[in-house]
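1. Let me see the structure of the following:
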Amino acid sequence: MEIRRDDLIGEEAQDLLTRHLQTSALHSPPESVFALDLDGLRAPEVTFWTVWQQDILLGCGALKAIAPGHGEIKSMHTCQRQRGKGVASFMVEFIINEAVKRHYQRLSLETGSMAAFAPARRLYQKFGFGECPPFGDYRLDPHSLFMTLVLPR
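-> Next up is the predicted model:
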């Protein structure tokens, strides 16, 4: 697997992001969907990557700078046919390493609290993320679960 920084110009990455947004909307009410759209992922404070195996797109993820020393994982998504093959773990490990390189002290995320998001929560727990209160601009939401990881210096 190879991770590439992506400008979201390619049709494959755009289609994957569309599926990510559709999945989020399927399992969360509209007011509780915090996934970034194309414009949000092109913001200067966001870096977006895709995971490839040769010419096959496997998944994506992003890192958003939300405060000095604090980053947020965004837009984690694995293609349906690629799930269970370690794609998401590969991306999370990459994002954690990137956050450390950027000298972040903390890496946080928001995910759904519903059963459909249980695999995502297990993934983040595997890397040491624990539940936390809302961070940044987030507010308490019964459909959201907030997680954070203190990074090594």
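
2. Can you name the next helix or strand after the helix or strand bottoming out on mean pLDDT in the chain?
-> In the chain, the helix or strand scored least confidently by mean pLDDT, DSSP states H and E is helix 11-27, which has a mean of 80. With elements assigned by DSSP states H and E, the helix or strand that comes after helix 11-27 is helix 38-41.

3. what residues does that next one touch?
-> 8, 14, 17, 46, 48, 62, 74-75 (CB atoms under 8 Å, 6 or more residues apart in numbering). No exception for glycine: its C-beta is placed from N, CA and C like everyone else's.

4. among the residues you listed, which ones are buried?
-> 8, 17, 46, 48, 62, 74-75 (16 or more other CB atoms under 10 Å).

5. Just these: which are in helices?
-> Leu17 (DSSP state H).

6. Now distance to Ile95 too, for the buried ones among the contacts of helix 38-41, in JSON lines please.
-> What follows is the buried ones among the contacts of helix 38-41, written out as JSON lines (distance: CB to CB, whole Å):
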{"residue": "Leu8", "distance to Ile95": "17"}
{"residue": "Leu17", "distance to Ile95": "16"}
{"residue": "Val46", "distance to Ile95": "12"}
{"residue": "Phe48", "distance to Ile95": "11"}
{"residue": "Ala62", "distance to Ile95": "8"}
{"residue": "Lys74", "distance to Ile95": "9"}
{"residue": "Ser75", "distance to Ile95": "11"}
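
7. of all the buried ones among the contacts of helix 38-41, which comes closest to Arg139?
-> Lys74 (17.4 Å; CB to CB).

8. Give me the spatial nearest neighbour of the closest one, chain neighbours excluded.
-> Ala62 (4.2 Å; CB to CB, 6 or more residues apart in numbering).

9. which ones are touching the one you found?
-> With the criterion set at CB under 8 Å, 6+ apart, Ala62 makes contact with 36, 41, 46-49, 73-76.
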